[in-house]
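> Sharing a model prediction with you, sequence too.
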Amino acid sequence: MSETQRPASGDGFTQAAGTQLALYALVAMVVLAAIMALLSFAIGDSSASGGGAIDAERNAITITLRQEPPQLDATRSTDAASFAVLGHVMEGLISYDQKGQLIPGVAERWEIREDGATFWLRDDALWSDGKPVTAADFVFAWRRVVDPATASQYAFITYPIQNAEAITNGDLPPTTLGVRAANERRLEVDFQQPTPYFDKLVAFITFLPLRQDFFESTNGRYAADADMMLYNGPYLLSEWVHGASMRWTKNPLYWNDEKGFLDEIDIAYITTDVNAKLNLFKDAQIADTDLVAPMLPEAMERRWHIDRFMDGTVFFLEFNHRDGRVTKNKNFRKAMQLAQDPSELVYKVLKEAAYIPAESLFPSWIRGAQELLRREHPPTKHEMNLAKAREHLELARQELGLDDFPPIVLLSGDTPVSTLSAEYYQELFKRNLGLEVRIDLQTFKQRLAKMTSGEFDLVLSGWGPDYDDALTFGDLFSSWNLNNRGRYDSADMDANIRIAQSELDPVKRSAAFGEIQRISYEDVVILPMYERGWSFVVDPRLDGLIRRAVGPEVDYTYAKIRSASQNGDE
Amino acid sequence: MTQHAASGKQARDFSELDSAREVQTLSRPSLSYWQDAWLRLKANKRALVSLFLVVGLLLFTLVGPLVWRVNPAAQDLDQVSQPPGVDRVALIVAPYEPWAGGSTPGTGLRLAETATTQAVRLAWDALPGAQGHRVYRNLFPVGPERAYGIPRAEFFDNATLSFEDRLDIKPGTYYYTIVGLNADGSLSDQTAALTVEAQRVTTLAEAQERGLVAAEATLALGDSVELAAHPLGTDYLGRDMLARLMAGARVSLFIGIGAPLCFVLFGVIFGSVAGFVGGRVDTAMMRFADFVVALPFLLFMILFKIAFGIGPGESGVLPMLVALVLLMWPATARLVRGQILQIREQGYISASQLLGAKTHYLILRHMLPNTLGVVLVTLTFAIPSAIFTEAFLSFIGMGVAPPTPSWGSMSNEGIKTMLTTPHELIFPALLISITVLAFNLLGDGLRDALDARMRNRE
């Protein structure tokens, strides 16, 4: 078409419309910028008047909690958030010091024998209403834990106590539990079997006390609200706005001067969003935050003092050992074992600075008889070997009589780290073994349900320690443990776990753990992936924040605000 | 003009016709509906550009994978989260061997071996008064504020005086510091620092496996090879972004074009039947359409996923397609019905009927062609919305199953590392935006071009 026939008006129209559009965009941008400036001014103003991360005048700090505790009844609590809160507002017979060693709590001293234990309670341990904490409070709480009506998920942890298992199974009444108050100040425990690690066990949340008269006065609403609880820890839960915030204040009746230095701890935000927490930390709204790998360059650029701690959890690929699954075949599992290397996962895929490649079911910090279990019984050195892996796969093919392996279902959580690992393994097993892996992403609850019902071939799973003893990991793959989701069942493994449970000689016990470690590698019960750790940063004005593997993972009971002169040193 | 003259003198006849032809050339050529529409579309620059974009996109999706033959699922772990256009030369080194540590000559914090992207091996002498050491790594020089960087390892005794760092080492400079530990595990003032220049390396076996050099090539240690090229960089697992974008485009366009084609076709049939038949049938059919409009899409998407027995790790693209087709047609149906109702009352329909035209002739010759413009416009507007729906569903994890990429799922992954490696988010997001914009502008242009009333009005 020639120029003359072109619709001149159309061009002019387009131009006019374009100019108008540009004008609109400009106005919109200016208005937006103005609103943002106004908002940031307003927010900046409010933060100046608000508490902020560290308030030296009020001797208070502001922190975040990963999620809201469903309730705070220690006999039924199972999640890390509840443990973190209970660790500050309650105290059991025994607690931890700054270095993670056991120290006296409500119990002044204790004695552990082959057939039982005795705890002598201190006089000055008081409930927040002024009455003393007595042996009967522990008896009442522990009976409640094993009572089938309570349906506590942690009932199994009390099984070393006489009759606990039978009571939980409904065979005996709760009053037959092997624990009694000899008098107000003396608690006697009878064991089902020798339990040399019982002191470490009672430091766990499930063994906290509970006072019967108060519990009954709450009409079943115990620990559902701040005023529905009695406290005996260094802090009191003074305010609990469900879904929004919490406030812990110093407990004036608490006996120990070595704990609880802050007057107030505000939990102003309940969020799992690490990015949101990072922004709050940058704005000096919270005292500490976790850092994930992508945040580290910025943290270094800002010259933050980055620290790290291992939370004690070991992550592994767990096989389904049930009948009818290809993963029941040992050669198949061996092939998968030889086709992977956890260090590649940690160093090149996950890239989390605080993770370390796992070498065994037992994490590196677990202690044996005298020193680290890892030194006493070093785990088998794993090396990737593709040629051997393919040999084992061929053997498995023959044993199973299959031409082609069915797709392997890899069950995984939906967190970023899980999905990343799952995608890595999917491609790894495809490339190295030619196996088709299907990823089944599920939420935490749904994943647990599927693990329990056995709807998987492989599952990305983890196990955190409940108490500071190798047995917390060691009994995981016993045929009777319900947390053994792959239903691994071997007489050899069971025999060693029985020794580990009841042997009193620490050296023999450590040897049993060494055996469990060896079996779990040689029989390929699991494929260890990594030991989880966290990079984190704390406001330089706060001192004494503790993060540890066993017990509440974050502990502010020893935290103090540095005085101004100390601050000057920084 | 007589017969006689005409047969004898043809030249004169033609000269008269010549003048007649001149008159004809002054008038416009006879244009069909489509020719006319095409002319007007061509005159619309925006629409034309977006048409080229759409064609380019189709080429990118269909021809691209034939040209760029890279497996979108292959992981190149040596080049993870690599932005586009980085130097790719790597030295050949021996395969990684575990390092036991041990003594190395020299004093202070020193390298036991040349630092490479495979490993940085450090050795040091015990610091004065230290009961142990902590190793830090930093991307920036350590200043007076004593922010040493990322803690890499801790040793609570002086038995271990070496450390091997293998964590995600990229070619470049690292600042390592070792800090002495006091007996209680706190940091002492004693430090030693070392600046390390890491070199990009690979092994011969890896180079051969990835096809960087010929299988029989004999390269000595220290020779350099060029690593696999990734024109648009790589994602968080070292997968080629370009290949993934092409593979993702296939999913996005399959949903984006397949679903609208199906539901627009159904909508046209449904709407024209309702509009043509009219009366109670029309009322009933349109109430049914209203009912479908009220059904929540996301819920049905999930229901279909379950009903289809889509197991774990299988793609949810088919239920997405079905859900889109079953729930998205009423808009088209309403539009077409309205159009048909309008056309039915036009004078030329009555005229045609009076001349004895049959029903099927009326529908095929008059009704459908006159609604075609509306239908095409609906179609081009439905495409971007379907692409967007797919992106959204994959973004929230309801769509494709890994490792199949889609632009939506790629954006979802990219957003996690938005601050450090923005290219993983920018490329898929850009493609989604461009595609949606192109189809929208094209639809806009088509609406103007196909409007029959604007015909010949220039």
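Yep, it's here.
> Enumerate the residues of the stretch 151-300 of chain A near chain B.
Within the stretch 151-300 of chain A, the positions lying close to chain B (CB under 8 Å from any CB of the partner chain) are A:293, A:294, A:295, A:296, A:297, A:298, A:300. In this view, the C-beta of every residue, glycine as well, is placed from N, C-alpha and C.
> count of neighbours near the first one?
A count of neighbours around residue A:293, defined by other CB atoms under 10 Å in any protein chain shown, yields 21.
> what's near enough to touch it?
Listed by CB atoms under 8 Å, 6 or more residues apart in numbering or on different chains, the contact partners of residue A:293 are A:350, A:351, A:352, A:353, B:168.
> try 7 Å this time
A:351, A:352, A:353 (CB atoms under 7 Å, 6 or more residues apart in numbering or on different chains).
> Make a markdown table from those and add secondary structure to it.
Below are the contacts of residue A:293 laid out as a markdown table (DSSP: H, G, I helix; E, B strand; the rest coil):
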| residue | secondary structure |
| --- | --- |
| A:351 | coil |
| A:352 | coil |
| A:353 | coil |
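> Only the buried subset of those residues, as a ChimeraX command please.
Selection of buried members from these for ChimeraX, criterion 16 or more other CB atoms under 10 Å in any protein chain shown:
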select /A:351,352,353
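> So which of the contacts of residue A:293 reach chain B?
A:351, A:353 (CB under 7 Å from any CB of the partner chain).
> Help me confirm that residue A:460 is found in a strand?
Yes - under three-state DSSP, residue A:460 falls within a strand.
> Please tell me I have it right and it contacts residue A:421.
Yes - using CB atoms under 7 Å, residue A:460 is in contact with residue A:421, at 5.9 Å.
> Tell me how many other residues crowd residue A:255.
If you count neighbours by other CB under 10 Å, residue A:255 ends up with 17.
> what about it, which helix or strand?
Using DSSP states H and E, residue A:255 maps to neither a helix nor a strand.
> what sits up against stretch B:291-310?
With CB under 7 Å, 6+ apart as the test, stretch B:291-310 has contacts from B:316, B:318, B:319, B:320, B:322, B:323, B:327, B:330, B:393, B:398.
> what's the farthest-apart pair in those?
B:316 and B:330 (23.4 Å; CB to CB).
> As CSV, the residues of the stretch 151-300 of chain A next to chain B with secondary structure and pLDDT would be great.
Below are these laid out as CSV (DSSP: H, G, I helix; E, B strand; the rest coil; pLDDT from 0 to 100):
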residue, secondary structure, pLDDT
A:293, helix, 86
A:294, helix, 83
A:295, helix, 87
A:296, helix, 89
A:297, helix, 88
A:298, helix, 88
A:300, helix, 91
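> Tell me who's in contact with the most centrally placed residue in chain B.
For chain B, the residue nearest the mean C-alpha position is residue B:407 (3.8 Å; CA atoms, centre = their mean). Applying CB under 7 Å, 6+ apart to residue B:407 gives the contacts B:248, B:252, B:391, B:428, B:431, B:432.
> Please render those residues as a markdown table that adds secondary structure to the earlier fields.
Below are those laid out as a markdown table (three-state DSSP):
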| residue | secondary structure |
| --- | --- |
| B:248 | helix |
| B:252 | helix |
| B:391 | helix |
| B:428 | helix |
| B:431 | helix |
| B:432 | helix |
